[in-house]
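Colleague: Provided below for reference: sequence and predicted model.
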Amino acid sequence: MPLSPVLKLGVNIDHVATVREARYRGRPFGEPDPVEAARVCEAAGAHGITCHLREDRRHIVDRDVWRLREVVRTRLNLEMANTPEIVDIALRVRPDIVCLVPERRQEITTEGGLDVAGQEVALTETRRRLNAAGIAVSLFIAPDPAQVAAAARVGSQFVELHTGGFAEHFADPAARAREVERLAAAARQAHELGLRVNAGHGLNYVNLPALWAVPHLVELNIGHSIVSRAVFTGLEQAVRDMLALMAGYPG
């Protein structure tokens with residue numbers, strides 16, 4: 001029998017920068033260095049590095065993105081809002097893939113999926129510009145049939161399913177089962193429409209195995225849980241622990 005494709009891990013290093021900015025905000029130096037964190041994650045086996053360049057530069061800043069583009073040898077995934085300034089930066093930096101996400105200044109982390117159905121024209125134009133520059137495009141969406149269908153019409157290569165509802169309801173078996181089925185249905189729909197399926201938000205070492213009921217997953221983007229464990233185990237071991245857990249995905 002052919003082997004199932006390996007479920008890939010993209011490590012989000014934003015919170016390494018969050019710790020740095022708590023002490024060194026506005027300075028051209030500081031520690032810990034998210035670029036060095038990216039090196040460690042790749043050495044530990046991560047399949048890609050994810051960072052989010054927010055409009056308010058609350059953690060990752062411009063110099064990080066440029067240095068990551070020079071250093072990352074796997075795949076650089078730039079999360080970003082669909083705004084003229086950030087799109088222009090992406091077109092100049094040329095990450096391997098861009099994940100378009102909603103963004104609100106008051107939120108601590110990205111709290112919801114894109115309203116792709118309500119922004120099809122604008123997202124299609126940005127998708128075309130990014131693809132023309134050789135950059136793949138993913139859309140961060142809720143596991144909702146209308147949003148999956150809209151993502152296919154936009155022409156993105158990937159969707160990233162927002163797993164926040166799954167993570168929030170994990171402790172309630174009935175609610176967890178409903179969220180898993182929503183994710184599974186969205187993944188099946190996306191796959192049938194020719195989209196590749198990633199997932200992320202709130203995933204950790206405890207809840208991850210319950211996600212194995214979701215088919216067609218290509219990559220998981222995980223940050224906070226890995227950085228949190230790294231405080232106690234070191235970053236390399238935290239990445240290796242997550243990869244070992246992900247090896248159980250049946251594909």
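Modeller: Structure's in. What do you need? Residues are numbered from 1 along each chain as shown.
Colleague: mind listing the helices for this protein?
Modeller: Assigned by DSSP state H, the chain shows helices spanning 14-24, 34-43, 62-71, 84-93, 120-132, 145-154, 164-168, 173-192, 224-233, 235-246.
Colleague: Just the buried positions in the longest one, please.
Modeller: Of the residues in helix 173-192, those with enough neighbours to count as buried (16 or more other CB atoms under 10 Å) are 176, 179, 180, 182, 183, 184, 186, 187, 189, 190, 191. Just so you know, the C-beta spots here come from the backbone N, C-alpha and C atoms, and that holds for glycine as well.
Colleague: Kindly reformat those residues as TSV containing distance to residue 209 and pLDDT.
Modeller: TSV is the format used below for the buried residues of helix 173-192 (distance: CB to CB, whole Å; pLDDT from 0 to 100):
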residue	distance to residue 209	pLDDT
176	12	97
179	14	98
180	11	98
182	18	98
183	14	98
184	15	98
186	19	98
187	16	98
189	23	98
190	22	98
191	21	98
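Colleague: any idea how far residue 141 is from residue 228?
Modeller: 26 Å (CB to CB, to the nearest Å).
Colleague: higher neighbour count, these two?
Modeller: residue 141 (27 against 13; other CB atoms under 10 Å).
Colleague: I'd say that one and residue 163 touch.
Modeller: No - with contact defined as CB atoms under 8 Å, residue 141 and residue 163 do not form a contacting pair (11.3 Å).
Colleague: circling back to that earlier point, will you turn the buried residues of helix 173-192 into a markdown table that also has distance to residue 91?
Modeller: Formatted as a markdown table, the buried residues of helix 173-192 follow (distance: CB to CB, whole Å):
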| residue | distance to residue 91 |
| --- | --- |
| 176 | 40 |
| 179 | 36 |
| 180 | 37 |
| 182 | 34 |
| 183 | 32 |
| 184 | 35 |
| 186 | 29 |
| 187 | 30 |
| 189 | 30 |
| 190 | 26 |
| 191 | 29 |
